[in-house]
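Chemist: what shape does this take:
(one chain, ligands or ions: 2)
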Amino acid sequence: MNVILLGAPGAGKGTQATRLAEKYGIPHISTGDIFRENIKKQTPIGVVAKSYIDKGQLVPDEVTVEIVKQRLAMDDCKNGYLLDGFPRNTFQAEELDKFSTVEKVVDIDVDLTKLLKRITGRRVCVCGESFHVDFLNGKTTCDKCGSELYQRADDNEETVKNRLSVYQNQTAPLIEYYQKAGKLVLINGDQSIDKVFEDITKTLG
Ligand code: AP5
Ligand code: MG
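Modeler: Residues are numbered from 1 along each chain as shown. Ligands and ions are numbered 1, 2, ... in the order given. Okay, here's the model as predicted:
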């Protein structure tokens with residue numbers, strides 16, 4: 001089961017991918033998470049990635065494609081994978097087609113005007129869970145593991161606006177790309193997290 005989760009920043013790709021990976025026993029591969037891990041460890045890739053992520057721009061293709069190519073070649077991807085945040089433009093999609101065969105592309109669709117609030121209110125945990133301040137009732141620790149929650153560096157209003165416009169200009173054309181390939185499944189992402197999960201699992205089987 002080789003699946004891509006497509007969707008704008010804040011659409012719920014990470015939230016759903018965590019749950020889907022658990023259900024299907026396949027790895028959740030988020031290029032954003034890989035970059036953040038590299039930034040934390042101050043690797044050469046991290047240094048390059050940070051300068052783009054802080055501005056809400058895409059990290060250059062030559063860096064990103066190579067990371068994904070190497071990751072998908074690893075043993076745990078043999079029975080499938082969930083790609084979250086890759087591909088993000090037509091070039092990346094074409095490159096992916098050269099080294100792997102994607103079966104389904106799940107597009108989590110949410111009206112872009114609702115996403116600014118979702119993202120600026122997001123609080124994340126080192127364990128991978130994410131929450132929204134509106135539902136935390138003042139709590140500052142993770143329900144799952146108890147660690148202190150924090151806000152992502154790129155979740156401020158100015159950067160989010162850039163991320164949304166990059167999505168519109170560069171990533172949204174992939175909807176048509178995968179529609180033409182007969183791989184696209186459209187999911188209404190403006191429903192409860194559980195309902196979105198239910199709809200996705202129905203289409204994945
Ligand atoms: P990345 O980490 O991929 O960020 P993103 O695409 O901007 O997406 P997010 O992680 O913000 O949103 P999400 O869809 O995962 O939403 P979530 O589930 O957390 O990328 C970051 C940066 O890295 C990019 O800007 C770029 O610079 C670089 N990068 C990454 N991949 C790249 C690539 N391929 N090429 C080049 N550069 C790349 O949910 C968001 C919030 O909403 C949470 O608070 C959550 O609790 C809440 N929520 C989730 N679902 C629901 C729901 N159904 N109802 C209500 N609230 C919900
Ligand atoms: Mg995410």
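
Chemist: identify each buried residue in stretch 164-173, please.
Modeler: Of the residues in stretch 164-173, 164, 166, 167, 170, 171 count as buried by neighbour count, 16 or more other C-beta atoms under 10 Å. Glycine gets a C-beta too; all of them are placed from N, C-alpha and C.

Chemist: same thing with stretch 64-75?
Modeler: In stretch 64-75, counting by 16+ other C-beta under 10 Å, buried: 64, 65, 67, 68, 71, 72.

Chemist: and those, which two are the farthest apart?
Modeler: Largest separation among the buried residues of stretch 64-75 by C-beta to C-beta: 64 and 72, giving 12.6 Å.

Chemist: if we can go back for a sec, just flag the most distant two among the buried residues of stretch 164-173.
Modeler: Farthest-apart pair in the buried residues of stretch 164-173 is 164 and 170; separation 11.3 Å (C-beta to C-beta).

Chemist: number of residues surrounding residue 47?
Modeler: Residues contacting residue 47 under the criterion other C-beta atoms under 10 Å number 11.

Chemist: quick one, helices of the protein?
Modeler: Per DSSP state H, the chain carries helices over the ranges 13-24, 31-40, 44-53, 61-72, 90-99, 115-120, 133-136, 157-166, 173-180, 193-204.

Chemist: to residue 3, which of those lies closest?
Modeler: Nearest to residue 3, of all the helices of the chain, is helix 193-204, at 6.8 Å by C-beta to C-beta.

Chemist: what does the closest one contact?
Modeler: Here helix 193-204 makes contact (C-beta atoms under 8 Å, 6 or more residues apart in numbering) with 1, 3, 12, 15-16, 19-20, 23-24, 104, 106, 108, 185, 187-189, 191.

Chemist: same check on stretch 146-159?
Modeler: Stretch 146-159 is contacted from outside by 36, 53-56, 116, 119-120, 122-127, 131, 136, 140-142, 160, 163, using C-beta under 8 Å, 6+ apart.
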